[in-house]
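Enquirer: sequence plus the predicted model coming up.
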Amino acid sequence: MPLSTPHPTISQALINTHQRIDGACQLSMRSAKEVMLLAVSKTKPLGDVIEAYECGQRHFGENYLQDALEKIDHNPHSDIVWHFIGAIQSNKTKTIAAKFDWVHTLDRQKVALRLSQHRPSHLPPLNVLIQVNISNEANKSGVALDQLDALVEQVSQIPNLLLRGLMCIPAAGQTEQVQRDAFNKMTIARDQLQHSYPRIKELSMGMSGDLTNAIACGSTMVRIGTDIFGARSTSTP
């Protein structure tokens with residue numbers, strides 16, 4: 001039985017990931033400065049976040065609120081930028097609005113209104129991305145593409161929120177062409193919205209397995225967890 005390859009240190013993993021981003025950008029004739037690395041630290045301990053921080057990483061993504069709060073409240077660095085990338089339950093909006101800098105998974109007006117209501121007045125507007133169910137999966141969150149314009153219009157008028165772009169998670173197990181088709185639909189939707197909403201610039205799409213395709217299709221934020229921190233815990237909060 002072959003021995004498994006040990007996961008590299010977080011420092012080396014970040015170097016490797018940035019090299020993948022750089023390579024994908026070169027293939028696509030884009031500047032690596034156009035693509036932000038979001039380190040997905042869900043289920044990982046605060047020590048891993050601090051280790052990544054000491055290597056220069058500043059943006060961290062969390063899916064599970066209780067797990068995230070332990071890190072947000074106890075980390076010693078005030079310049080970490082926290083992104084909520086999990087499903088949003090209405091009863092968690094108060095805490096999310098108070099503790100995070102970005103939300104990637106907004107998909108309905110009710111949640112947008114609650115995030116706005118609970119955003120503390122001493123903080124800048126909450127940066128939000130609308131999640132699009134780009135593959136029309138019945139079991140996946142996100143607004144349908146044909147309903148996106150209506151939600152954008154609603155969210156753009158809500159105070160205390162700054163609508164910055166779109167996010168998606170394409171269906172898993174698809175061919176590379178199907179994957180690219182989904183990413184390209186997102187880019188087209190973003191570009192069309194920009195005519196009326198110039199602040200909509202970001203595309204949060206691409207993870208460890210599809211980073212290259214996402215960047216080729218215009219991603220500005222890639223969400224990388226396993227490649228940086230190793231396999232996540234099997235138990236979730």
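Expert: Thanks, I have the structure now.
Enquirer: which residues does residue 143 bridge with?
Expert: residue 132 (DSSP bridges).
Enquirer: now do the contacts for it.
Expert: Shown in contact with residue 143 (CB atoms under 8 Å, 6 or more residues apart in numbering): 107, 108, 130, 131, 132, 133, 151. In this view, the C-beta of every residue, glycine as well, is placed from N, C-alpha and C.
Enquirer: can you check residue 102 too?
Expert: So residue 102 contacts 81, 82, 83, 84, 126, 127, 128, 129, 164 (CB under 8 Å, 6+ apart).
Enquirer: switch to 10 Å and redo it
Expert: Neighbour list for residue 102: 38, 59, 61, 81-85, 126-129, 162, 164, 167, 202, 204, 221 [criterion: CB atoms under 10 Å, 6 or more residues apart in numbering].
Enquirer: look up how far residue 85 lies from it.
Expert: With the distance defined as CB to CB, to the nearest Å, residue 102 ends up 8 Å from residue 85.
Enquirer: now for those two: what residues contact both?
Expert: 38, 61, 129, 167, 204, 221.
Enquirer: among these, name the buried ones.
Expert: Taking 16 or more other CB atoms under 10 Å as the criterion, what is buried in the shared contacts of residue 102 and residue 85 is 38, 61, 129, 167, 204, 221.
Enquirer: which non-adjacent residue is nearest the last one?
Expert: With CB to CB, 6 or more residues apart in numbering as the criterion, residue 221 has its nearest non-adjacent residue at 4.2 Å, and that residue is residue 204.
Enquirer: coming back round to it: output the contacts of residue 143 as a markdown table; include the columns pLDDT and neighbour count.
Expert: Converted to a markdown table, the contacts of residue 143 look like this (pLDDT from 0 to 100; neighbours: other CB atoms under 10 Å):
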| residue | pLDDT | neighbour count |
| --- | --- | --- |
| 107 | 97 | 23 |
| 108 | 97 | 19 |
| 130 | 98 | 27 |
| 131 | 98 | 24 |
| 132 | 98 | 25 |
| 133 | 96 | 21 |
| 151 | 98 | 19 |
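Enquirer: contacts only, for the residue nearest to residue 221.
Expert: 36, 38, 61, 83, 85, 102, 104-105, 129-131, 164-169, 186, 214, 219-223 are the contacts of residue 204 under CB under 10 Å, 6+ apart.
Enquirer: restricted to strands, list those.
Expert: Residues from the contacts of residue 204 lying in strands, with DSSP state E as the criterion: 36, 38, 61, 83, 102, 104-105, 129-131, 164-168, 221-223.
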